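Novice: prediction below, plus the sequence it came from.
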Amino acid sequence: MAIEEAIINIEETDNDSVCKIPEVEWIPRVDMQFDSEEVAYDFYNEYGGRVGFSIRRKYKNNNRKDGKVTSRNFVCCKEGKRGEDKRDRKTKNRRAETRTDCRARMLIALNVEFGKYIVKDFKDTHNHPLISEDCAHMMPSQRKIKSVQAIDVELAADCGISIRKTFELSSRQAGGRESIGFTKTQCLEDPSFFYAMQLDSSAMITNIFWADSKMISDYGHFGDVLTFDTMYKLVHGNWPVAVFLGLNHHREIVVFGAAFMYDETTDSFGWLFNTFLNAMSHKAPRMILTD
């Protein structure tokens, strides 16, 4: 009953689909001015990264004489509906639907008199769950590096350093943050990997949990229902191996996290589930299936 008692103690949290954020300088508003269309895009993209959604450019209007953009509409990546699938109708596994006809947008128009782009319309209501800020860097519009980092990549390439090693170095330079709140627990996180260790009174490791960026990203998309068990055990020491599993949109098994446990007590399971929630930005699953 230790697993069941630990699961009951998890406090479920709801994902609010409407942005409720105080008015601050990084939130778009009507009549806000920008020097160029690109500046407006970067501003709205930064806002999307903080709130938890990816953006894209939709339609634009150009001046017929000089071709300059006179208006542009920036929308949420889930805007609109997918058109008819033109692939073979015999296809069994079709692509998952990613559009929800979201109405969130920021419309800008050129003020010819001042030569600046002005926000004419702004809607911040979404009809889909938003991504946590910890995972926002994995969204399509957020996957970019700064100019300084690009220079470092070029210098590393000239010195014969592989791209993989260069990005690993950039990830470490970005730094992590220490997560607190667990007694006798050490928990470190960086942009690409999360792990936590629980220590006993003798400073010996008892439980270990880890999840990489892909696991965290998969949980954000497919973590409504997960399975959990400790059927596997290490040969030496007979330590239980705990695994959080789920299914993606292709009905393939995906791993959300894993742990080595010292024992199968309520305290150990309670620490594990709380650590799992901490790694997943406190997004609780709707259902947990266990043996």
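Specialist: Arrived safely. Numbers count the residues shown, from 1 in each chain.

Novice: quick check, I27 in a strand?
Specialist: No. Checked against DSSP: H, G, I helix; E, B strand; the rest coil, I27 lies outside a strand; its state is coil.

Novice: okay, now it: neighbour count?
Specialist: Residues within reach of I27, counting by other C-beta atoms under 10 Å, total 16. For every residue, glycine as well, the C-beta is placed using N, CA and C.

Novice: pLDDT score for it?
Specialist: I27 carries a pLDDT value of 87.

Novice: equivalent analysis for the one 3 residues further on, please.
Specialist: With respect to pLDDT, V30 scores 90.

Novice: what's the answer for R251, then?
Specialist: According to the model, R251 scores 86 on pLDDT.

Novice: roughly how far does it sit from E37?
Specialist: Taking C-beta to C-beta, to the nearest Å as the measure, R251 falls 42 Å from E37.

Novice: can you tell me the SS state at D267?
Specialist: The three-state label given to D267 by three-state DSSP is helix.

Novice: for R251 and E37, indicate the residue with more neighbours.
Specialist: The neighbour comparison of R251 against E37 (other C-beta under 10 Å) goes to E37, with 19 against 7.

Novice: got the contact list for that one?
Specialist: By C-beta atoms under 8 Å, 6 or more residues apart in numbering, E37 lies in contact with V69, R72, I108, Y117.

Novice: ranking those by neighbours, who comes first?
Specialist: Sorting the contacts of E37 by how many neighbours each has (other C-beta under 10 Å) puts I108 first, at 29 neighbours.

Novice: can you list phi and psi of that one for me?
Specialist: Main-chain torsions, I108, degrees, to the nearest 10: phi -120, psi 150.

Novice: please tell me how far the residue lying closest to A109 once chain neighbours are set aside sits from E37.
Specialist: Spatial nearest neighbour of A109, excluding adjacent residues (C-beta to C-beta, 6 or more residues apart in numbering): S71 at 4.3 Å. The gap separating S71 from E37 is 9 Å, by C-beta to C-beta.

Novice: list residues touching both of those two?
Specialist: Each of I108 lies in contact with both S71 and E37 under the rule C-beta under 8 Å, 6+ apart.

Novice: and the residue lying closest to F34 once chain neighbours are set aside, what does it touch?
Specialist: Closest residue to F34 in three dimensions, ignoring its sequence neighbours and counting by C-beta to C-beta, 6+ apart: A40, at 4.1 Å. By C-beta under 8 Å, 6+ apart, A40 lies in contact with F34, R72, F74, M106, I108, Y117, V119.
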